[in-house]
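K.L.:
based on what follows, work out the 3D shape:
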Amino acid sequence: MSLALEFRGITKRFPGVLANDAIDMKVEAGHIHAVVGENGAGKTTLMSILFGLYPADAGEILVSGERVRFTSALEAIRAGLGMVHQAFRLFPTLSVADNVVFRDEPTRRGMIDRAAGAEGVGALAERYGLAVDPRAVVETLPVGVLQRVEILKALYRDARILILDEPTAVLTPQERDKLFEVIRRLRDAGRTILFITHKLGEVMAVSDRVTVLRDGRSVADLVTAETNPTEIARYMTGRQVDLDRRAPAHEAGGAVLTVTDLTVTGQHGRAAVKNVSLEVRAGEIVGVAGIAGNGQSELIEAVTGLRDVPDGSIHLHGNDISTSEVLTRRLAGMAYIPEDRHGVGTSHLATVSNNLLLGHQRRDGFQSKGWFDRKAVRHHARRLIETYGIRSGPINSPVSTLSGGNLQKVVVAREMSHGAPLLIAEQPTRGVDIAAIEFIHDRLITFRDDGGAVLLVSAELSEIRALSTRILVMFDGRIVAELDPAEVDEAAIGYYMTGAHEEALSG
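P.N.:
Numbers count the residues shown, from 1 in each chain. Have a look, this model is predicted:
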């Protein structure tokens, strides 16, 4: 067995947290090695140590049999490592090629040769099937293409070991599948891939071997072909997890949200939502399925007040809120878990406790004589942190210090503690681990059973089927099907998502 990488007893402590506890791991050359674990299990910390972003407190790392101790990312890059972080690190106003060759630009007669850079990046992209226009400006590209640019940056520097940290967290299913094709092609070309994730379906689909971390320790090293999602989940959580659970049936009540003949304008003045009507009743979860770009985001933005409504109407408990401000909708009884937890869901400069307070801050219990009651604010934050299992440092630390999964828990905890009769949940479990998904699902079901109405948008069809009372499928800005989750499988939902039903009718 030829080892590309070996960790021996890697330990890392932060104030109040033992992030990595004597971790051992061997990674074979030319393999896709998945590293899985719950949020806070130590995955990203371990990779950051490998890439020179943190020093280890104890232990050693071997790359191709040689002991290394990188003190910066540049040293790791020179040694043949590349890392694609959860948050992309690109210059938005520069071209793809300029981003890829940055600090290693080709020159001609002492000047940067941008044409040669674009040509080289284009050839590299074609070789690995990355389908990127090297001359495109980064800020104009969708997120799936941005990830390819990050991979190109590593390949341009001839990375032999490529670290992908939660690479599918912001990708659509279609973008995810294209990424898997690229990863397999890289492996077949002899490169070693470290695939950091908590999604078990992806582990089974793309990896050769998997290491499981729990509470900062390595608890299992498995051959993917010889294991299964249930076994991996048991190692991750320390208990048996039901991965195929369905929400029990529940009787629905009266209409809470009513959308009638809604038309919403998208990019370039085109209609993104076309004459959509829907109803969400008390005690039900209505799931919205669709391939990204078919109007789901614009629909939710219109319902929540983030986008104007030129035609149609939106009623909450019979009151017309079509032109109401966001605050008015909140006060009328709407809570919202947004898809973008960074840009919309949280204020990254504010503290954890203040982010957990947002939307509650006007309540009498949090104010006294025009000032915030700091004791009440702290108690509120600690209660939600404990209830929702948020792993954070001090509650007065910036929320930006939290992992992506724990940041999502902050948003979910805040919105589900409002007591609002209507919850708009947009990708509520994106970027969180198995235990957190199970917990959030339980919370959504409890919210429903207590008479709440939920409009759920998710890219995970398994989640849509597991939770929904009814499934609405969007295609080309319209609702093209209403389905019973007990009577359809994912293939049937996908049939409508892709517009195949219209092709069949026209044929």
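
K.L.:
thought Thr211 was touching Gly42?
P.N.:
No. In this structure, Thr211 is not within contact of Gly42 by C-beta atoms under 8 Å, at 11.0 Å. Every C-beta, even on glycine, is put in place using the N, C-alpha and C of the backbone.

K.L.:
assign Thr429 to helix, strand or coil.
P.N.:
coil (DSSP: H, G, I helix; E, B strand; the rest coil).

K.L.:
per-residue confidence at the residue nearest to it when sequence neighbours are not counted?
P.N.:
Spatially, and ignoring its direct neighbours in sequence, Thr429 is nearest to Ile437 (4.5 Å; C-beta to C-beta, 6 or more residues apart in numbering). Note on Ile437: pLDDT of 86.

K.L.:
where does Ile437 fall, phi/psi-wise?
P.N.:
phi -60, psi -50 (degrees, to the nearest 10).

K.L.:
count of neighbours near it?
P.N.:
21 (other C-beta atoms under 10 Å).

K.L.:
quick check: end-to-end length of stretch 384-398?
P.N.:
Here the two ends of stretch 384-398 are set 16 Å apart, with distance taken as C-alpha to C-alpha, to the nearest Å.

K.L.:
now swap in stretch 450-462 and tell me
P.N.:
23 Å.

K.L.:
buried stuff in that stretch?
P.N.:
Using 16 or more other C-beta atoms under 10 Å as the test for burial, stretch 450-462 gives Gly451, Gly452, Ala453, Val454, Leu455, Leu456, Val457, Ser458, Ala459, Glu460, Leu461.

K.L.:
for stretch 263-273, same thing?
P.N.:
Thr263, Val264, Thr265, Gly266, Ala271, Ala272, Val273.

K.L.:
check stretch 229-236 too.
P.N.:
If you call a residue buried by 16+ other C-beta under 10 Å, then stretch 229-236 has these buried ones: Pro229, Ile232, Ala233, Arg234, Tyr235, Met236.

K.L.:
skipping its backbone neighbours, what lies nearest the fourth one in space?
P.N.:
Just to be clear, that refers to Arg234. Nearest to Arg234 is Gln240, by C-beta to C-beta, 6+ apart, at 5.9 Å.

K.L.:
how close does the one you found sit to Lys199?
P.N.:
19 Å (C-beta to C-beta, to the nearest Å).

K.L.:
of the two, who's got more company?
P.N.:
Remark: of Gln240 and Lys199, Lys199 carries more neighbours, 20 against 9, as counted by other C-beta under 10 Å.

K.L.:
tell me if Asp24 really is in a strand.
P.N.:
Yes. Applying three-state DSSP, one finds Asp24 inside a strand.

K.L.:
how many other residues sit next to His250?
P.N.:
His250: 14 neighbours (other C-beta under 10 Å).

K.L.:
isn't it up against Arg281?
P.N.:
No. Applying C-beta under 8 Å as the test, His250 and Arg281 come out as separate, 10.6 Å apart.

K.L.:
tell me where the model's unsure across the stretch 101-250 of the chain.
P.N.:
Applying pLDDT under 70 to the stretch 101-250 of the chain picks out residues 170, 172-173, 243-244.

K.L.:
now the strands for it?
P.N.:
Taking DSSP state E, counting those that start in this stretch to define them, one finds strands in the stretch 101-250 of the chain at 107-108, 111-112, 161-165, 192-197, 209-214, 217-223.

K.L.:
so what does the longest one touch, helix or strand wise?
P.N.:
I take that to be strand 217-223. Strand 217-223 sits against strand 17-28, strand 209-214, helix 229-237, with contacts defined as 3 or more C-beta pairs under 8 Å, 6 or more residues apart in numbering; DSSP states H and E.

K.L.:
and the second one, which strands flank it?
P.N.:
Looking back up the chat, that one is strand 209-214. strand 32-37 (parallel), strand 217-223 (antiparallel) (DSSP bridges).

K.L.:
closest one to Ser347 among these?
P.N.:
Evaluated with C-beta to C-beta, the strands paired with strand 209-214 place strand 32-37 nearest to Ser347, the distance being 28.1 Å.

K.L.:
His342 contacts His348, correct?
P.N.:
Yes. Using C-beta under 8 Å, His342 is in contact with His348, at 6.5 Å.

K.L.:
not counting sequence-adjacent ones, nearest residue to Ile464?
P.N.:
Ile464's closest residue in space is Gly287 (C-beta to C-beta, 6+ apart), at 4.1 Å.

K.L.:
and the helix or strand harbouring Val259, what other elements does it pack with?
P.N.:
Per DSSP states H and E, Val259 falls inside strand 255-265. Strand 255-265 sits against strand 271-281, helix 296-304, strand 311-316, strand 453-457, with contacts defined as 3+ C-beta pairs under 8 Å, 6+ apart.

K.L.:
tell me which residues of that strand are tucked away?
P.N.:
Those would be Val256, Leu257, Thr258, Val259, Leu262, Thr263, Val264, Thr265, for strand 255-265 by 16+ other C-beta under 10 Å.

K.L.:
so what's the residue count around the residue nearest to the second one when sequence neighbours are not counted?
P.N.:
Counting by C-beta to C-beta, 6+ apart, the nearest residue to Leu257 once its immediate chain neighbours are dropped is Val280, at 4.2 Å. In terms of burial, Val280 registers 26 neighbours under the definition other C-beta under 10 Å.

K.L.:
show me what contacts Val280?
P.N.:
Ala255, Val256, Leu257, Val286, Leu422, Ala453, Val454, Leu455 (C-beta atoms under 8 Å, 6 or more residues apart in numbering).

K.L.:
rerun at 7 Å
P.N.:
By C-beta atoms under 7 Å, 6 or more residues apart in numbering, the residues touching Val280 are Val256, Leu257, Val286, Ala453, Leu455.

K.L.:
please report how far it lies from Ala252.
P.N.:
Distance from Val280 to Ala252, counting by C-beta to C-beta: 9 Å.

K.L.:
likewise Gly37?
P.N.:
Taking C-beta to C-beta, one finds Gly37 at 38 Å from Ala252.

K.L.:
settle it for me: which of these two has more neighbours?
P.N.:
Between Gly37 and Ala252, Gly37 has the larger neighbour count (other C-beta under 10 Å), namely 28 against 20.
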